[in-house]
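> Quick check, what structure comes out for this input:
(2 chains)
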Amino acid sequence: MENFTPYTSLAGGILIGISASILMLLNGRIAGISGIVSGIFNGSSLHEKLWRLAFVVGLIGGAFVYANYYPVNIEPREHMTTALLVAGGLIVGFGTAMGGGCTSGHGVCGMSRFSLRSITATMTFLISGIATVYLVKTFLGA
Amino acid sequence: MKTILSALLAGTVFGVGLTLSGMVDPNKVVNFLDITGNWDPSLMFVLGGAVITTTIAYRFIFAQDKPLFDEDFHLPTLLKIDSKLLSGSIMFGIGWGLIGYCPGPAVASIGFRPEEPLIVVASMLVGMLLFRTIARLRA
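Reported below is the predicted structural model:
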């Protein structure tokens, strides 16, 4: 537990909650990143594409501005090859499209609506993620 | 125009929140999932803080007839817990555990450390397209 950061993590989580609340209060939309990103390329109307694009621009811009003031230091990972990143990205994209959401859509917004579907999805990907990390560590030693 | 500006605002707050929370660090994500090893429970505080805030706010928001800048709330209509939900979520968890990125942090990190996140986001988009194509062909 050497890198435990309860205060900044809680504060960051509250901001994510405020963001999800803003998007619902003003636009009536779920702040689910996989759905928002996927909708930019989906056959939806121009307005649908534009608000989603604006959200993504904000998401990247917010991270950019914050990291400018408080640099984020991330330890490089030696075992993380491009092939693994591509494989992981493909699985994340395919899985979130199939399961209809990710950590934000199911985990934050869906659980906050007490949606049984989202609670099930969140428990499932948490258990699956924990099992994956365990198996990778046990059999590949990474 | 108003809905586009409010989406920009919500996205910005989300990006700041994700970066502050530490969730943009894939090492931290993997350590969170590593409950039998060097477990870092920080991300429970991210999820907890986000869910508690949103649950309280949603109570007030859904007491309104409609959102401020739209005619209706756009809520998911699917209620069924089916094999698609389960297999998709299992797959997502596998990818998340393998690389330590879920969609939000992958996109946000492009803002300050683009190398890994760009590869992940590009592959993620291909994965989404692949699912949609297969779903369409089978329909």
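> Tally up the residues packed near B:Glu71, please.
Number of residues near B:Glu71 (other CB atoms under 10 Å in any protein chain shown) recorded here: 9. (Each C-beta comes from the backbone N, C-alpha and C, glycine too.)
> Helices along chain B, start to end?
Shown for chain B, the helices assigned by DSSP state H span residues B:2-21, B:26-33, B:42-61, B:83-99, B:103-109, B:115-138.
> Tabulate those helices (JSON lines), appending mean neighbour count and distance to chain A.
Formatted as JSON lines, the entries for those read as follows, by neighbours: other CB atoms under 10 Å in any protein chain shown; distance: least, CB to the nearest CB, whole Å:
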{"stretch": "helix B:2-21", "mean neighbour count": "25", "distance to chain A": "2"}
{"stretch": "helix B:26-33", "mean neighbour count": "23", "distance to chain A": "4"}
{"stretch": "helix B:42-61", "mean neighbour count": "20", "distance to chain A": "3"}
{"stretch": "helix B:83-99", "mean neighbour count": "23", "distance to chain A": "3"}
{"stretch": "helix B:103-109", "mean neighbour count": "30", "distance to chain A": "4"}
{"stretch": "helix B:115-138", "mean neighbour count": "18", "distance to chain A": "2"}
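> Quick check: which of these is nearest to A:Phe125?
Each of those was checked against A:Phe125 via CB to CB, and the shortest separation belongs to helix B:83-99, namely 3.7 Å.
> Which strands and helices lie in contact with that closest one?
Here helix B:83-99 is seen to pack against helix A:82-99, helix A:116-135, helix B:26-33 when contacts are counted using 3 or more CB pairs under 8 Å, 6 or more residues apart in numbering or on different chains; DSSP states H and E.
> Nearest to B:Trp39, out of those helices?
Between B:Trp39 and the helices and strands packed on helix B:83-99, the shortest separation by CB to CB is 6.7 Å, and it involves helix B:26-33.
> I'm done for today, thanks for sticking with me.
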